[in-house]
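Enquirer: Quick one, what's the 3D model for this:
(one chain, ligands or ions: 1)
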Amino acid sequence: MERPAPREAILDLFHHRGDSFVSGAELSALLGISRSAVWKQIGVLRDLGYQIEAIPSRGYRLLTTPDTLIAAEIQAGLSTRLIGREIVSLPRTDSTNQRATELAEAGAVEGTVVIAEEQSLGKGRLGRRWASPPGVNLYLSVLLRPPILPWDAPQLTFLSAVAVARSIAEEPGMAPEVKWPNDLLLGGRKVAGLLNEMRAETEGIHHVVLGVGVNLNMTADQFPADLRYPATSLRLESGRAVCRSAFARRLLGHLDALYDEYLQSGFEPVRIAWEAFFRLAGCPVEVDCQQRLVRGTVRGIDSDGALLVADDSGRCERILAGDVRPLAP
Ligand code: BTN
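Expert: Just a heads-up that it's a prediction; the model follows:
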């Protein structure tokens, strides 16, 4: 990867120094730019909301950080093995999944993350749009090159669901639920969605992009009027704003640990972890599989991530895709 932008490099150094000052000469030598260009970059950071103290004889010191999703901000304190070693942060893009796919085709390393403040064409499942207003939520995509067979790739959706559920559960008072196959709910309303896309050939996977959208600080008026399913945000549920860069760091940490475990031990630990956030086991449901409706009692998911629904006679049906609606018992 190319040298980080001066802004990112300055933030990186500030984070390493903590409360200490960094001299203008040091920054200018590190970045290979003039002292006046350093001053200009400090101005850009201030415009972005960073409070930076400047004392002529000592240099610069970072006082406070805004909640922007800048790579250096997320990487400060990130201790992942693979995921997030490279982070591409964008103020605006059409879709982070699209950008990550292009980076994958261009040979980007496994674990590269693309994150954006805003998406103009956020992609949802089944060709739907994902509402992606600026500055409030998390829109990120992770590039993986897993050594698995293409038909096992849907297992990675469950892996990302567990990572998101664990990250939400770490917010005080929040009890997330997974909705099969790839939604997350808070209080019965959708708070996050997952969209995994891959390029594969019969003999193996070229790459997988794990797309994650989490409604963090969205307010009620920011949701589209024509939502198919009631939606919410962490802020609406808890009454508190969530620090987006800290949430992103946590999410990357969980993804990294789960992916490592998945590569070592396969899908079973992920399946068990997913079921811990699944509240519909044993409940009567109706599953809309586009061509037909399946009614029965949920038994769980199998080793492929298929939903198991038993009819009155106890005969189990494996469902690979569909919309699940709980029925009154
Ligand atoms: C869904 O529930 O329909 C899936 C929504 C997935 C949205 C995320 S936001 C980040 C990534 N980039 C996209 O364009 N989509 C996914």
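Enquirer: CA only for contacts and neighbour counts going forward, please
Expert: Fine.
Enquirer: Kindly export the longest strand along the chain (C-alpha atoms) in CSV.
Expert: Counting by DSSP state E, the longest strand found in the chain is strand 189-201. C-alpha atoms of strand 189-201 as CSV (Å, rounded to 0.1, in the frame of the first residue of the first chain):
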residue,chain,number,x,y,z
ARG,A,189,-36.5,-3.8,15.2
LYS,A,190,-33.8,-4.1,12.6
VAL,A,191,-30.5,-2.4,13.8
ALA,A,192,-28.0,-3.9,11.4
GLY,A,193,-27.8,-5.7,8.1
LEU,A,194,-25.2,-7.9,6.4
LEU,A,195,-24.5,-8.3,2.7
ASN,A,196,-21.7,-10.7,1.7
GLU,A,197,-20.6,-10.8,-1.9
MET,A,198,-18.1,-13.1,-3.4
ARG,A,199,-16.2,-14.0,-6.6
ALA,A,200,-15.5,-17.7,-6.9
GLU,A,201,-14.7,-20.4,-9.4
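Enquirer: gap between the helix or strand just after that strand and the chain center?
Expert: Downstream of strand 189-201, the first helix or strand assigned by DSSP states H and E is strand 204-214. The chain centre lies 11 Å from the centre of strand 204-214; the measure is CA atoms, centre = their mean, to the nearest Å.
Enquirer: who does strand 204-214 pair up with?
Expert: Within its sheet, and counting by DSSP bridges, strand 204-214 is paired with strand 138-144 (antiparallel), strand 189-201 (antiparallel).
Enquirer: want to throw these into JSON lines with distance to the ligand and mean pLDDT?
Expert: Formatted as JSON lines, the strands paired with strand 204-214 follow (distance: least, CA to the nearest ligand atom, whole Å; pLDDT from 0 to 100):
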{"stretch": "strand 138-144", "distance to the ligand": "4", "mean pLDDT": "98"}
{"stretch": "strand 189-201", "distance to the ligand": "3", "mean pLDDT": "96"}
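Enquirer: Return the most buried member of those.
Expert: Greatest average neighbour count among those goes to strand 138-144 (a mean of 27), per mean count of other CA atoms under 10 Å.
Enquirer: Identify the residues contacting it?
Expert: 83, 96-97, 100-101, 104, 109-119, 132, 207-216, 244, 248 (CA atoms under 8 Å, 6 or more residues apart in numbering).
Enquirer: what helix or strand is the closest residue to Arg244 other than its chain neighbours on?
Expert: Counting by CA to CA, 6 or more residues apart in numbering, the nearest residue to Arg244 once its immediate chain neighbours are dropped is Asp67, at 6.3 Å. Using DSSP H and E, Asp67 sits in no helix or strand.
Enquirer: if I look at Asp67, how far off is the ligand?
Expert: For Asp67, the distance to the ligand equals 18 Å [CA to the nearest ligand atom, to the nearest Å].
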